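Undergrad: Give me coordinates for this.
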Amino acid sequence: MDKTTKTLSYLINLSFFLYFLILLVERILSIVLSLTNGVNLYADGYNGYTYTLVFLSVIGWFIYLITFCRPNIKALFKFDESINFTHLCIASGILLLSGMVHTEHTIPVIQFVSYGILIIGILLKTVINQKTSQNKVILWLSFAFLVAMSMAIPVMYRSLIELHVLFHVLEGIASFVLVGAFTYLLLQVFQGKEDLFLPWAALLLVLLDVPLIVMRWSEEINWFVLIFLSFSIILFAVGYLYKKATSKRA
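TA: Next up is the predicted model:
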């Protein structure tokens, strides 16, 4: 491994831990602010689910981190340490579940900063992968697709529509499944794969996002998810068709 790759690997490892730290601080602040402002964490089914998921996600992340990611923690303090990112990707997915529910006093700006740092880490890994890439266009289109897809994962918000119970159940399923899909694609990136244009990933995104957007349309249009869902589908179509075209020429 050359010095540039070692430096980038160190920075990627650091980006994961900054993501962990910042998102963890935001989640703790959200809970503390909720408690100090008299929020009943289990006032109803929605609150009960969202706060329980935050607790379980953070606890699960911490147990996984100290069990499997200790070499990565050590690598923060030793530049030449060999770094394996598989367990960090899984840990990031576990913690991300906590960020997919809108609790009382959620601080979106802090969450976006944490996600932004994680995306920088993915960008740096894509730069490393470029050195051995067989198709750089697919590589960078895949990076763009992964980022757009991550933004299209719906955050669970309280709704007051007539079918709000069903809506919240579908939201919970969507966030779990799509975070799992995102984590799988993230693992592919860190295993050196350049092609993320897997039809099942795009299909899941459409099948899980569209019903949620439609159901809540009369109450509030989720423009954020709608825009990034559209970007994701466009990027997937371009990347998938380009891959097919280039494979035929080969």
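
Undergrad: When you work out contacts or count neighbours from here on, use the C-alpha atoms and nothing else.
TA: Fine.

Undergrad: So residue 83: helix, strand or coil?
TA: Three-state call for residue 83 (DSSP: H, G, I helix; E, B strand; the rest coil): coil.

Undergrad: Quick check, it in contact with residue 76.
TA: No - the criterion here is Cα atoms under 8 Å, and residue 83 misses it with residue 76 at 9.6 Å.

Undergrad: Could you pull out the residues contacting both of these two?
TA: Here residue 83 and residue 76 have 10, 13 as joint contacts, going by Cα atoms under 8 Å, 6 or more residues apart in numbering.

Undergrad: More neighbours: which of the two?
TA: Remark: of residue 83 and residue 76, residue 83 carries more neighbours, 20 against 16, as counted by other Cα atoms under 10 Å.

Undergrad: excluding its backbone neighbours, what's nearest that one?
TA: Counting by Cα to Cα, 6 or more residues apart in numbering, residue 72 is the residue found nearest to residue 83 once chain neighbours are left out, at 6.2 Å.

Undergrad: Kindly report the same for residue 233.
TA: Closest to residue 233 by Cα to Cα, 6+ apart is residue 202, at 6.8 Å.

Undergrad: I'd say the one you found and residue 236 touch.
TA: Yes - contact criterion Cα under 8 Å: residue 202 and residue 236 qualify, at 7.1 Å.

Undergrad: what about these two, which has more around it?
TA: residue 236 (25 against 19).

Undergrad: pretty sure that one is in a helix, no?
TA: Yes - according to three-state DSSP, residue 236 belongs to a helix.

Undergrad: any idea how far residue 182 is from it?
TA: 14 Å (Cα to Cα, to the nearest Å).

Undergrad: Can you pull the phi and psi angles for the most centrally placed residue in the chain?
TA: Among the residues of the chain, residue 150 comes closest to the average C-alpha position under Cα atoms, centre = their mean, at 4.9 Å. Dihedral pair for residue 150: phi -60, psi -40, per degrees, to the nearest 10.
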